[in-house]
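Asker: Attaching a predicted model along with its sequence, questions to come.
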Amino acid sequence: MKNTGTLRVTTPTDREIVLTRVFDAPRRLVFDAFTKPELLQRWFGPRGWSLVVCEVDLKVGGAFRFVLRSPDGTDMGMRGVYREIVPPERSVHVESFDDFPGESLVTTVLVEHGGKTTLTATVFYPSQEVRDAVIKSGMEHGAAESYDKLAELLAPAEAGSIERQAGKA
């Protein structure tokens, strides 16, 4: 796994990681891909991993629960609660991983320009130690691969099927 350069990762403060990626799709589709279980299951997680639990209660105060399974059968679980939802431009949630200390605050902003959407996810950690542990865990590479899979899903050939699914939901 590696960051192919399409994901920009910065650490503007000692408690933050900012992920930035441009997708060749309207922000409504990007927002749907982040919030609809049937779409999340198609891209969330590094290559070879599967999203075996994907529960989303998309409302302020609603929770989500994801469990990713690695190729060797190891599970990695995470959960969170939505604090703010402004479709299709912004969401804020807290999240924590089952086997990792601390809870983080994630603010995701989607800005569309010329049919492309820039995603900026700011993750705020309880301490620099937790942030640094996340960086050392390989999070950048896993996120980069996940976002590469999302870009493939959002490619024009697939976008029609996403729009049809979004219309059914």
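Answerer: Here it is on my side, so go on. Residues are numbered from 1 along each chain as shown.
Asker: can you tell me which residues contact residue 68?
Answerer: 44, 45, 49, 50, 51, 52, 75, 76, 77, 78 (C-beta atoms under 8 Å, 6 or more residues apart in numbering). Glycine gets a C-beta too; all of them are placed from N, C-alpha and C.
Asker: sec struct for it, please.
Answerer: With DSSP: H, G, I helix; E, B strand; the rest coil as the basis, residue 68 sits in strand.
Asker: Confirm residue 88 sits in a helix?
Answerer: No: under three-state DSSP, residue 88 falls outside any helix and is assigned coil.
Asker: need the contact list for it.
Answerer: 27, 28, 30, 31, 32, 110 are the contacts of residue 88 under C-beta under 8 Å, 6+ apart.
Asker: Just flag the most distant two among the residues you listed.
Answerer: 32 and 110 (10.7 Å; C-beta to C-beta).
Asker: returning to what we had before: tell me which entries of the contacts of residue 68 lie within helices.
Answerer: Applying DSSP state H to the contacts of residue 68, no entry is found in helices.
Asker: Longest helix in the protein, by number of residues?
Answerer: helix 139-154.
Asker: Send over it as CSV, restricted to the C-alpha atoms.
Answerer: Taking Å, rounded to 0.1, in the frame of the first residue of the first chain, the C-alpha atoms of helix 139-154 are listed here in CSV:
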residue,chain,number,x,y,z
MET,A,139,-3.3,5.5,8.0
GLU,A,140,-2.1,7.7,5.1
HIS,A,141,-1.6,4.7,2.8
GLY,A,142,-4.9,3.0,3.8
ALA,A,143,-6.8,6.2,3.2
ALA,A,144,-5.0,6.8,-0.1
GLU,A,145,-6.0,3.3,-1.4
SER,A,146,-9.5,3.8,-0.2
TYR,A,147,-9.8,7.1,-1.9
ASP,A,148,-8.3,5.6,-5.1
LYS,A,149,-11.1,2.9,-5.0
LEU,A,150,-13.6,5.7,-4.5
ALA,A,151,-12.2,7.6,-7.5
GLU,A,152,-12.7,4.4,-9.6
LEU,A,153,-16.3,4.1,-8.4
LEU,A,154,-17.0,7.7,-9.2
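Asker: Wait, residue 90 touches residue 84, no?
Answerer: Yes: with contact defined as C-beta atoms under 8 Å, residue 90 counts as touching residue 84 (6.7 Å).
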